[in-house]
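Peer 1: build the 3D model from these lines:
(2 chains)
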Amino acid sequence: MGTEANGSCNDREGRLPLPIWFFVGVILLVYGLLVIVGQAFDKGTHAAQIGQPGYWWGAILAVAGVIFTALGLVIHRKQRC
Amino acid sequence: MGNKLKELRMGGVRGAACLTAFATAMVATSAVAGESAGTGVISLAPIDWIIVGLYFVAIVGIGLYLRKFTKTGEDFFMGGRKNSSWVAGLAFLSANLGALEILGWTGGTMKYGMFVSHWYWLGAIPAMLFLGLYMMPFYYSSKIHSVPGYLKLRFDERTRLLNAFSFAVMTLLMSGINLYLMALVFNVLLGWDWHVSMWVSAAAIGCYITLGGLMSAIFTEIVQFFLIWAGLFLVTILGVADLGGPAQVFANLDANMTTLWRTTASAANNGMGVTWMGLIMGLGFVLSFGYWTTDFLVVQRAFSSKDLRSARLTPITASFFKMALPFIVVGAGLVALQLTKNASGFEILPHPTTGKPWYDSALPMLIARYYPVGLVGLGITALLAGFMAGQAGNVSAFNTVWTYDIYKAVINKKASDAHLVWVGRVTTIIGILLSVATAYVAKQFDTIMDYIQAIFSWVNAPLFATMLLGMFWKRTTSRGAFWGLICGMVVSFGIWLLFYVDARYVFLDGSPIANPTLASILTLAENPSEMTRNLWQAVWGWVVCFGVTLIISLFTTPKPDSELVGLVKGLTVEDDGSVKVAWYGRPGFWAVVSLAVLIFLNIMFW
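Peer 2: Numbering: from 1, shown residues only, chains lettered A, B, ... in the order given. I've put the predicted structure just below:
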């Protein structure tokens, strides 16, 4: 934003879309959180119970989501300015 | 300014129409799914439904967002040619990575074991590296829009049209198979209405491809790639843990199920019934190179790269991810195999039409076994994304080939860029409708991969011979290429027809229609398996195309060198700027690393 205010961005009209990594990040983050919530509501009726994968796998997805979202925003900022 | 406002308004109207159609379709799906609740093997909790629904919202939303960046033909058909090798590479891989393949080969692992890895390693990596290192300079430097476009520049219009029409038919067939199988899988597993799930996914794909073109397809393909790892890799992890560790995955299995090469000396020694010769010639050379180096569906993703170096790195980058996929597919298949042997209560479903064991249901049944609420939704979404991205890839490739290689080449040679974009959008919708129609035709076939192999054999295998000669032998003539391609396609199809009839029909007196000796001669094997026949029909299609092209070229006049600059080895400056970057940024370096990993994996599972 600061760079835009200084007028040094060469792409003010937003000709470049947000990088795909941003969308991947948001989707992984949202899905990671939903998977964690899902595990909390699971009644354990499925055939094999191995730990509670929804918690740790959901957390991995959410963390990956945050990283990709941040990566996407950083790349977009670099591309625009 | 006025035009811009009008454009925005039009985009808004189109977007609103898309969202309305999509919302209506989603409501219809929910209603139908609700009506048939309990008929599926897997039931979805509300959170699972939210995860599935969010996927539809995300992909249509991405299409709407990308609409304003899609104005020219380069934007719509080539994704603006602005992508890095990472983006193009993941899209390159994902265009091939459909749910069709994942389900098919997970089930295939239950039948053939580790042999399936050949389709990911031998059957992909050498061809991808060859494309990146040796063929991409000719494709990319000529700034063509499609593979048939290269044929036009290198040979002539009729060769381009021949390939464009055959490719268009092939992509529609593939798209239809994707749709049909998706509907079938979700009908059996979740109780979703066959027709509604097909039309809803088709509507969503139609929306985002029409709005954002190739860039939409690429974005959703990459989303699909991450969803597949997020939603399906855990199945293998949990399965291995359930069995008691990695060693138990291979325990008590015959060598033909746990090794790659040890049982290939004789076709009788392995379940697939193939020899090392058939594997190397049929899969590793003709089918693999035919698909990965000439199929526009995947090559189109490399064309969207921002420069030649990125384009060359595209398939090389993709090769690493391709080599990792057996950890999902083969891993899950071996887990399913062990579970069925261990009296664990795990069972695959009977095929809904034939009643035989339905190996393609192995992965969804593992999801049902291991996943809690939420993860079930993610697993189903990963499969859904795999089916839809596969279809979207076919449709985006179809609209490009139709628009540039058929419409502009034959119907309207003076069409403006804006008009071509409009044609591309209309073609997308028509392509979707034809795919739906094709889905009904696909119901006639009872196996998945055999059908795919057959189509590739007819189109891609001969085309690879044409491309190889065209790019690396400047003496190849237009007439030789055209008739070579025709002969190769006819021979490949003819052999397929011979085997097809042989396997299904007999004369009235009960004697076989085809001569068994002929089948043995053609496949170099006694009692050749269906897989062996598939591999060898591709080999013969390639050999005939290569031979005919070569012979006719020797007796006809080639194009002068001046017309072949940028298209043929020796007449093209292949500078991709690599000399200016560090060694670790060069395509050659990463190709060597990829090859080393491939060799290591083959030795490890020898």
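Peer 1: which residues of chain A score low on pLDDT?
Peer 2: A:1-15, A:45-49, A:81 (pLDDT under 70).
Peer 1: point to the residue nearest the middle of it.
Peer 2: Closest residue to the average C-alpha location of chain A: A:G25 at 2.1 Å, with CA atoms, centre = their mean.
Peer 1: in chain A, what residue lies closest to chain B?
Peer 2: Using CB to the nearest CB, the closest approach of chain A to chain B is made by A:G38 at 1.8 Å. The way it works is simple: take the backbone N, C-alpha and C, and place the C-beta from them, glycine included.
Peer 1: for that residue, which non-adjacent residue is spatially closest?
Peer 2: B:G374 (1.8 Å; CB to CB, 6 or more residues apart in numbering or on different chains).
Peer 1: repeat that for B:A99.
Peer 2: That would be B:G386: by CB to CB, 6+ apart, it lies 3.1 Å from B:A99.
Peer 1: roughly how far apart are that neighbour and chain A?
Peer 2: In this view, B:G386 and chain A are 15 Å apart by CB to the nearest CB, to the nearest Å.
Peer 1: and B:A418, by the same measure?
Peer 2: From B:A418 over to chain A (counting by CB to the nearest CB), the distance is 18 Å.
Peer 1: helix, strand or coil: sort out that residue for me.
Peer 2: helix (DSSP: H, G, I helix; E, B strand; the rest coil).
Peer 1: what's the local residue count around it?
Peer 2: B:A418 has 11 neighbouring residues, counting by other CB atoms under 10 Å in any protein chain shown.
Peer 1: just B:T354 next, same as before
Peer 2: Other residues close to B:T354 by other CB under 10 Å number 10.
Peer 1: so where does it fall, helix or strand?
Peer 2: Under DSSP states H and E, no helix or strand contains B:T354.
Peer 1: pop out the phi and psi values for it.
Peer 2: B:T354 adopts backbone torsions of phi -90, psi -20, taken as degrees, to the nearest 10.
Peer 1: ok, B:F130 touching B:T293?
Peer 2: Yes - in this structure, B:F130 is within contact of B:T293 by CB atoms under 8 Å, at 6.4 Å.
Peer 1: what about these two, which has more around it?
Peer 2: B:T293 (26 against 18).
Peer 1: so the more buried one sits against B:F464, correct?
Peer 2: Yes - counting by CB under 8 Å, B:T293 touches B:F464, with 6.3 Å between them.
Peer 1: for the longest helix seen in chain A, which positions count as buried?
Peer 2: Longest helix of chain A, by residue count under DSSP state H: helix A:53-80. Across helix A:53-80, burial judged by 16 or more other CB atoms under 10 Å in any protein chain shown covers A:53-54, A:57-58, A:61-62, A:64-65, A:68-69, A:72, A:75-76, A:79.
Peer 1: can I get the residues you listed in a markdown table including distance to chain B?
Peer 2: Converted to a markdown table, the buried residues of helix A:53-80 look like this (distance: CB to the nearest CB, whole Å):
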| residue | distance to chain B |
| --- | --- |
| A:P53 | 6 |
| A:G54 | 5 |
| A:W57 | 5 |
| A:G58 | 7 |
| A:L61 | 6 |
| A:A62 | 11 |
| A:A64 | 8 |
| A:G65 | 10 |
| A:F68 | 8 |
| A:T69 | 12 |
| A:G72 | 11 |
| A:I75 | 9 |
| A:H76 | 13 |
| A:Q79 | 9 |
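Peer 1: per-residue pLDDT, whatever residue of the stretch 301-450 of chain B ends up closest to chain A?
Peer 2: Closest approach between the stretch 301-450 of chain B and chain A, counting by CB to the nearest CB: B:G374, at 1.8 Å. The score at B:G374 is 93. That number is its pLDDT.
Peer 1: residues in contact with it?
Peer 2: A:34-39, A:41-42, A:54, A:58, B:45, B:47-48, B:51 (CB atoms under 8 Å, 6 or more residues apart in numbering or on different chains).
Peer 1: at 7 Å what do you get?
Peer 2: Contacts for B:G374 (CB atoms under 7 Å, 6 or more residues apart in numbering or on different chains) come out as A:L34, A:V35, A:V37, A:G38, A:Q39, A:G54, B:I47, B:D48, B:I51.
Peer 1: in strands, which of the residues you listed fall?
Peer 2: In strands, defined here by DSSP state E, there are no members of these.
Peer 1: how many other residues sit next to B:A45?
Peer 2: Using other CB under 10 Å, B:A45 has 17 other residues around it.
Peer 1: how about the contacts made by it?
Peer 2: If you count contacts by CB under 7 Å, 6+ apart, then B:A45 has A:F41, B:V373 around it.
Peer 1: ok, now the one 4 residues further on?
Peer 2: By CB under 7 Å, 6+ apart, B:W49 lies in contact with B:G377.
Peer 1: from A:W57, how far off is it?
Peer 2: Distance from B:W49 to A:W57, counting by CB to CB, to the nearest Å: 19 Å.
Peer 1: contact partners for the spatially closest residue to B:I429 that is not a sequence neighbour?
Peer 2: Closest residue to B:I429 apart from its sequence neighbours, by CB to CB, 6+ apart: B:G206 at 5.6 Å. Listed by CB under 7 Å, 6+ apart, the contact partners of B:G206 are B:T428, B:I429, B:I432.
Peer 1: same deal with B:K322?
Peer 2: Taking CB under 7 Å, 6+ apart, one finds B:L93, B:Y120, B:A124, B:I125, B:M128 in contact with B:K322.
Peer 1: from the contacts of B:G206, list the buried ones, please.
Peer 2: Buried among these (16+ other CB under 10 Å): B:T428, B:I429, B:I432.
Peer 1: could you redo the residues you listed as JSON lines and give each row pLDDT, secondary structure and distance to B:A454?
Peer 2: Output for those, formatted as JSON lines (pLDDT from 0 to 100; DSSP: H, G, I helix; E, B strand; the rest coil; distance: CB to CB, whole Å):
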{"residue": "B:T428", "pLDDT": "93", "secondary structure": "helix", "distance to B:A454": "27"}
{"residue": "B:I429", "pLDDT": "93", "secondary structure": "helix", "distance to B:A454": "28"}
{"residue": "B:I432", "pLDDT": "92", "secondary structure": "helix", "distance to B:A454": "24"}
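Peer 1: show the residue spans covered by the helices in the stretch 151-300 of chain B.
Peer 2: B:157-190, B:194-243, B:246-250, B:255-258, B:276-278, B:288-294, B:296-303 (DSSP state H, counting those that start in this stretch).
Peer 1: what helices and strands are in contact with the shortest one?
Peer 2: Packed against helix B:276-278, as judged by 3 or more CB pairs under 7 Å, 6 or more residues apart in numbering or on different chains; DSSP states H and E, are the following elements: helix B:530-554.
Peer 1: and the next element down the chain from the helix it packs on?
Peer 2: helix B:587-604.
Peer 1: elements contacting that next one?
Peer 2: Using 3+ CB pairs under 7 Å, 6+ apart: helix B:587-604 touches helix B:125-130, helix B:308-324.
Peer 1: mean pLDDT and distance to B:N412 for those helices - can I get that in a markdown table?
Peer 2: What follows is these, written out as a markdown table (pLDDT from 0 to 100; distance: least, CB to CB, whole Å):
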| stretch | mean pLDDT | distance to B:N412 |
| --- | --- | --- |
| helix B:125-130 | 96 | 36 |
| helix B:308-324 | 94 | 29 |
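Peer 1: nearest to B:V410, out of these?
Peer 2: Nearest to B:V410, of all those, is helix B:308-324, at 28.3 Å by CB to CB.
Peer 1: distance of the residue nearest to A:G38 from A:L61?
Peer 2: For B:G374, the distance to A:L61 - CB to CB - is 11 Å.
Peer 1: find residues that contact each of those two.
Peer 2: Common neighbours of B:G374 and A:L61 (CB under 7 Å, 6+ apart) are A:V35.
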